[in-house]
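>>> What follows is a predicted structure for the sequence shown.
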Amino acid sequence: MADTCGQVLLGSGLTVLSHPLLYIKVLIQVGHEPLAPTLGRNLFGRQVYQLPGLFAYAKHIMKVDGKAGLFKGIGPRLCAGTIGTVVHSKVVQLLDGQQKAEEGSLQHVVNETTKEMIARSCATIVTHPFHVITLRCMVQFIGREIKYSGVFDSIITVYREEGILGFFAGLIPRLLGDVLSLWICNLLAHVINTYAIDDSMSHTGEMKNCSQAVTGFFASMLTYPFVLVSNLMAVNNCGLAGGLPPYASVYPTWVDCWRHLSREGNTSRGSSLFFRKLPAGKMYAIDQKRFF
């Protein structure tokens, strides 16, 4: 119990600190670009037009809503984090009694990954309604709506307008992304730790931790389109400007959303908050005479 409380407190602190980054990322994901591109240099030193990054976007939000504006949707997100941590911990405890394989073996990796997959999936399903409300609170910045103003009022609004299914908009791609990311990360790390790292080498533990971090980053890059599609479906056609044209088409299913993003070449939109290239299908006024 004490461990769970500690995890909740730590998670809540990290959630508050990271919230402005998620807020800006979500607005970029739905296609909200209130600032014109500027001329800068890419990683290779070539001059290109780039969209403003994290800090310029944050300044814009603070100019419109003040510093508190960077924390829209923090309430339901904290609820999701707290409930998710408790559910994950309880499920892991229930699954801990299973037969254990030899540590470091492939069977051990499969068993541990399966247990983690079940725990994460349960936590995701239970907390997804709060995730949907969080995203919709954020996207209200685009149209200046106040439709989702609190956790309980938002729950009533979603249920009244969309029924139970409204709370689970975008759940399937989110679950698929989480599961694929977890398996890719753990299996790749096992292969690297088994065949590329010799146990007789010095700092073996640090190298294995590093390989886990690298494979985690690689897996998150591969599965990012699932995150994007999930977030777009969570706000799609919900009555907010950010979920309707011109920011987004109305998608019957998440597969249609994926196909549309793939055709435009925008499946990585919002994956980076720096060195942001101009997304496909968008027009920007660079100055009074030149347009992109």
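Great, that's in hand. Residues are numbered from 1 along each chain as shown.
>>> residues of stretch 76-92 that come out buried?
Across stretch 76-92, burial judged by 16 or more other Cβ atoms under 10 Å covers 76-89, 91-92. Heads up, the C-betas are built off the backbone N, CA and C, glycines and all.
>>> The stretch 1-150 of the chain: helices as residue ranges?
Ranges of helices within the stretch 1-150 of the chain are 2-29, 54-65, 74-95, 106-143, based on DSSP state H, counting those that start in this stretch.
>>> So what's the gap between the shortest one and the chain middle?
In terms of Cα atoms, centre = their mean, to the nearest Å, the centre of helix 54-65 is found 20 Å from the chain centre.
>>> Touching it from outside, list them.
20-21, 23-24, 27-28, 34-35, 52, 69-70, 72, 141, 273-274 (Cβ atoms under 8 Å, 6 or more residues apart in numbering).
>>> Show me how far the helix or strand of the chain with the lowest mean pLDDT is from its chain's centre.
Scoring the helices and strands of the chain by mean pLDDT, DSSP states H and E places strand 38-41 at the bottom, with a mean of 78. From the chain centre to the centre of strand 38-41 is a distance of 27 Å (Cα atoms, centre = their mean).
>>> returning to that earlier point: out of the helices of the stretch 1-150 of the chain, which is closest to Gly216?
helix 106-143 (12.5 Å; Cβ to Cβ).
>>> So which other helices or strands are in contact with that closest one?
helix 2-29, helix 54-65, helix 74-95, helix 151-162, helix 171-195, helix 224-235 (3 or more Cβ pairs under 8 Å, 6 or more residues apart in numbering; DSSP states H and E).
>>> And the fifth one, what does it pack against?
Yep, that's helix 171-195 we're talking about. helix 106-143, helix 204-222, helix 224-235, helix 254-264.
>>> Tell me what angle the shortest one forms with helix 171-195.
Right, the one you point to is helix 254-264. 70 degrees (axes from the mean of the first three to the mean of the last three Cα atoms, to 10 degrees).
>>> what do you get for the third one?
For helix 224-235 against helix 171-195, the angle between stretch directions is 160 degrees (the same axes, to 10 degrees).
>>> So, low pLDDT: which residues of the stretch 1-150 of the chain?
Along the stretch 1-150 of the chain, segments meeting pLDDT under 70 span 1, 98-99.
>>> before we move on, back to that, export the helices and strands packed on helix 171-195 to TSV and tack on mean neighbour count?
Formatted as TSV, these follow (neighbours: other Cβ atoms under 10 Å):
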stretch	mean neighbour count
helix 106-143	20
helix 204-222	15
helix 224-235	25
helix 254-264	16
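>>> These: which one's closest to Gly242?
Short answer: helix 106-143, nearest of the helices and strands packed on helix 171-195 by Cβ to Cβ, at 3.6 Å.
>>> Would you pull up how far the closest one lies from the middle of the chain?
Using Cα atoms, centre = their mean, the offset of helix 106-143 from its chain centre is 10 Å.
>>> Over to stretch 229-239?
13 Å.
>>> same thing with stretch 62-73?
For stretch 62-73, the gap between its own C-alpha mean and the chain's C-alpha mean amounts to 20 Å (Cα atoms, centre = their mean).
>>> Stretch 184-193 too?
22 Å.
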